[in-house]
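**Q** Based on what follows, work out the 3D shape:
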Amino acid sequence: MDLLTAAGADHVRLLYDYLDAGDPDGCGSLLHEAVVVELPGRPPARGRTEALRAHALPALPRVRHAVDRLTARDRTVTVTGRRITADGTGREQRFVDVFTVGDDGLLRTWTRSFTAVP
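**A** Predicted structure coming up:
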């Protein structure tokens, strides 16, 4: 794995930690200034500020991300995991995230899909 892809994989792991902690500054530090984030049912968010707003940051943490699998290759990081509600109910929503890594090692694009639970 090349160094930029490895840095991107580390940034993705940190991003979930920052999201779960409700830390907008931490999240923003990992995103390219012209990041494009695509979340289901919403128009693309362009730029750090819009990306953070799309995730309702800053706000109190409402979910926890459990990563089941992370693969990284050719400046692309793909993650499968579960979004678990932090309200004590333990409800889960399975997701697939695909990130691309920019020339600076920051996350350039992020596309999320939700999968149906069998």
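
**Q** so where's this structure uncertain?
**A** 57-61, 117-118 (pLDDT under 70).

**Q** where do the helices sit along it?
**A** Residue ranges of the helices in the chain, as given by DSSP state H, are 3-21, 24-30, 48-54.

**Q** Give me the buried positions along the second one.
**A** The neighbour-count criterion (16 or more other CB atoms under 10 Å) identifies Pro24, Cys27, Gly28, Leu30 as the buried residues of helix 24-30. In this view, the C-beta of every residue, glycine as well, is placed from N, C-alpha and C.

**Q** The closest residue to Arg62 other than its chain neighbours and Leu52: what is the separation?
**A** Distances taken as CB to CB, 6 or more residues apart in numbering put Ala86 closest to Arg62, at 5.4 Å, once the chain neighbours are dropped. Distance of Ala86 to Leu52, given as CB to CB, to the nearest Å: 18 Å.

**Q** Out of the two, name the residue with the larger neighbour count.
**A** Taking neighbours as other CB atoms under 10 Å, Ala86 and Leu52 compare with Leu52 leading, 21 against 15.

**Q** Was I right to think the more buried one contacts Pro24?
**A** Yes - at 5.0 Å, Leu52 counts as touching Pro24 under the criterion of CB atoms under 8 Å.

**Q** can you list the buried residues of helix 24-30 in a markdown table and add distance to Leu106?
**A** Formatted as a markdown table, the buried residues of helix 24-30 follow (distance: CB to CB, whole Å):
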| residue | distance to Leu106 |
| --- | --- |
| Pro24 | 16 |
| Cys27 | 12 |
| Gly28 | 10 |
| Leu30 | 6 |
